[in-house]
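**Student:** Quick one: sequence and predicted model below, then my questions.
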Amino acid sequence: MGADQGEKSHYFHFSSKMEVINLPAVSRVAVCGGTHGNELSGVYLVREQQKKKEGAETFSLTTVMSNPRAVQQCRRYTETDLNRCFTTATLGTPISDRTPYEIVRSQELNTLLGPKGTDEAMDLICDLHNTTANMGLCLISYSACDWICLHIFKHLQKEMPTVPVRYIHFDVPQSEAYSLESVGKHGFSMEIGPQPHGVIRADIFNAMKEGIRLTLDWIHHFNSGVQFDGGEVEVYAMVKNIDYPRDMETHSITAAIHPQLQDHDFCLLHPGDPLFLTFSGKTETYKGVEPLYPFFVNECAYYEKGIALSLARRKRVAIPSIQVKTDCGKENGGEELKLEEKERTYDCSEDV
Ligand SMILES: [Zn+2]
């Protein structure tokens with residue numbers, strides 16, 4: 001009678017739709033923008049939300065301008081990237097006169113929205129970002145088994161048929177998770193593009209506005225007792241980053257993203273496919289051994305990080321039916337089922 005049998009048994013019950021997981025209500029929600037001060041959809045949405053001051057019936061909503069100094073200067077950050085400051089180690093760094101502003105600010109935000117890893121932390125943090133890459137709307141999360149985040153994703157995908165909606169999983173332990181949403185009990189970045197930094201586009205702004213509205217709507221229905229059916233969703237699991245070809249001595253880039261790859265985020269990249277076009281006109285190809293899905297292709301802010309694109313593997317993840325836990329409900333909230341993840345590869349044509 002090993003663990004294997006127990007897992008199979010769970011999977012059978014779930015597959016046969018007999019099991020509903022009861023989870024605690026999502027009572028305290030934060031929507032944050034301006035974590036990167038030049039990603040303007042989130043900046044203007046938070047300003048709009050703060051003018052309205054409207055509450056919700058079944059949860060409290062906090063809206064936060066995460067990096068007001070960077071927003072004022074319309075820059076990504078002033079001294080260091082705020083969205084890399086939320087590891088447990090950085091949040092515990094002693095503050096002195098010479099501490100970068102963003103590290104000080106990350107600790108203020110941890111006090112306001114966390115503390116990270118405690119019962120007092122927000123139930124859900126949604127952090128708003130833009131990318132210059134052609135990624136549509138992506139929820140980026142540190143968990144591929146957070147049923148709240150995955151159900152919100154499923155809801156957005158169903159209700160936003162004209163916008164490509166995807167879920168990206170970064171497999172990083174909670175203590176090393178470096179971005180703002182990791183402070184909450186549940187959390188994701190809502191990343192939408194293409195939009196140049198320092199620019200606002202109505203189509204991208206409206207997609208984010210609708211994404212937030214649907215997220216808050218889902219939370220209200222979940223808290224009100226609506227049961228959400230399980231099913232299967234696709235998750236893009238981060239595999240690795242690829243840097244630009246660079247001059248060995250000067251470290252300056254010697255190639256651009258190849259025109260056949262530019263704007264083709266989430267379109268399956270096969271070994272041998274064009275990756276870069278050097279400034280002398282030579283095509284450099286993808287040398288990997290397995291086909292993977294590119295994303296953050298030619299993201300403006302990642303030149304300084306040495307990232308030309310990221311690559312992901314696509315998986316199918318089974319998610320259970322869920323319902324809010326009530327006093328008379330089953331006491332199995334918080335249980336993490338280990339569900340089978342099936343891998344498949346697909347044709348690009350399915351996605352684009
Ligand atoms: Zn950002």
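**Tutor:** Structure's in. What do you need? Note that the structure is predicted; figures quoted are calculated from it, not measured.

**Student:** Tally up the residues packed near Glu39, please.
**Tutor:** Residues within reach of Glu39, counting by other C-beta atoms under 10 Å, total 28. C-beta coordinates here come from the backbone N, C-alpha and C atoms, glycine included.

**Student:** Might one say that it is in contact with Leu128?
**Tutor:** Yes. Counting by C-beta atoms under 8 Å, Leu128 is a contact partner of Glu39 at 7.4 Å.

**Student:** what residues do those two have in common as contacts?
**Tutor:** Gly33 (C-beta atoms under 8 Å, 6 or more residues apart in numbering).

**Student:** hmm, stretch 129-138 touching the ion?
**Tutor:** Yes. Applying C-beta under 5 Å from the ion, one finds stretch 129-138 touching the ion at His129.

**Student:** what does that stretch contact?
**Tutor:** Outside stretch 129-138, the residues within contact range by C-beta under 8 Å, 6+ apart are 35-36, 39-42, 83, 156, 160, 163-168, 189-197, 204, 207-208, 211, 263-266, 295-301.

**Student:** if we look at the ion, which of the residues you listed are close to it?
**Tutor:** Restricting those to contacts with the ion (C-beta under 5 Å from the ion) yields 36, 39.

**Student:** Only the buried subset of the contacts of stretch 129-138, as a ChimeraX command please.
**Tutor:** To isolate in ChimeraX the members of these that are buried, counting by 16 or more other C-beta atoms under 10 Å, one can use:
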select :35,36,39,40,41,42,83,156,160,163,164,165,166,167,168,189,190,191,192,193,194,195,197,204,207,208,211,264,265,266,295,296,297,298,299,300,301
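
**Student:** Contacts only, for whichever residue of the stretch 201-350 of the chain sits closest to the ion.
**Tutor:** Closest residue of the stretch 201-350 of the chain to the ion, C-beta to the ion: Ala301 (6.8 Å). Going by C-beta under 8 Å, 6+ apart, Ala301 touches 36, 76, 132, 197.

**Student:** repeat for Glu108
**Tutor:** Per C-beta under 8 Å, 6+ apart, neighbours of Glu108: none.

**Student:** Could you pull out the buried residues of the host helix or strand of it?
**Tutor:** Taking DSSP states H and E as the criterion, the element that holds Glu108 is helix 101-113. By 16+ other C-beta under 10 Å, the buried positions in helix 101-113 come out as 102-103, 105-107, 109-110, 113.

**Student:** Output the contacting helices and strands for the longest helix along the chain.
**Tutor:** Identified as the longest helix of the chain according to DSSP state H is helix 202-223. For helix 202-223, the elements it packs on are strand 28-33, helix 40-52, strand 124-130, strand 136-141, helix 147-159, strand 186-193, strand 321-324, judged by 3 or more C-beta pairs under 8 Å, 6 or more residues apart in numbering; DSSP states H and E.

**Student:** Show me the one of these that comes nearest Glu232.
**Tutor:** Comparison of the helices and strands packed on helix 202-223 against Glu232 by C-beta to C-beta identifies helix 147-159 as nearest, at 9.4 Å.

**Student:** what angle separates the closest one from strand 186-193?
**Tutor:** Interaxial angle, helix 147-159 versus strand 186-193 (axes from the mean of the first three to the mean of the last three C-alpha atoms, to 10 degrees): 30 degrees.

**Student:** and the angle for helix 147-159 with strand 136-141?
**Tutor:** Using the same axes, to 10 degrees: helix 147-159 against strand 136-141 is 170 degrees.

**Student:** For the chain, what lies in contact range of the ion?
**Tutor:** By C-beta under 5 Å from the ion, the part of the chain that sits against the ion consists of 36, 39, 129.

**Student:** In CSV: those residues, plus pLDDT.
**Tutor:** Converted to CSV, the residues of the chain next to the ion look like this (pLDDT from 0 to 100):
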residue, pLDDT
His36, 98
Glu39, 98
His129, 98
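
**Student:** Closest one of those to Ser66?
**Tutor:** Scanning those for proximity to Ser66, where the rule is C-beta to C-beta, the winner is His36, at 8.5 Å.

**Student:** residues contacting the closest one?
**Tutor:** Per C-beta under 8 Å, 6+ apart, neighbours of His36: 67, 70, 76-77, 81-83, 129-130, 197, 301.

**Student:** top of those by neighbour count?
**Tutor:** Highest neighbour count within the contacts of His36, by other C-beta under 10 Å: Asn130, with 31 neighbours.

**Student:** what bridges to that one?
**Tutor:** Following DSSP bridges, Asn130 is listed with bridge partners Ile192.

**Student:** give me the beta-bridge partners of the closest residue to Asp146 other than its chain neighbours?
**Tutor:** Spatially, and ignoring its direct neighbours in sequence, Asp146 is nearest to His186 (5.7 Å; C-beta to C-beta, 6 or more residues apart in numbering). With DSSP bridges applied, His186 shows beta-bridge pairing to Leu124.

**Student:** Return the residues in contact with His186.
**Tutor:** 26, 123-125, 146, 148-149.

**Student:** Next: Gly33.
**Tutor:** For Gly33, the contacting residues are 39, 41-46, 63-66, 127-128, by C-beta under 8 Å, 6+ apart.
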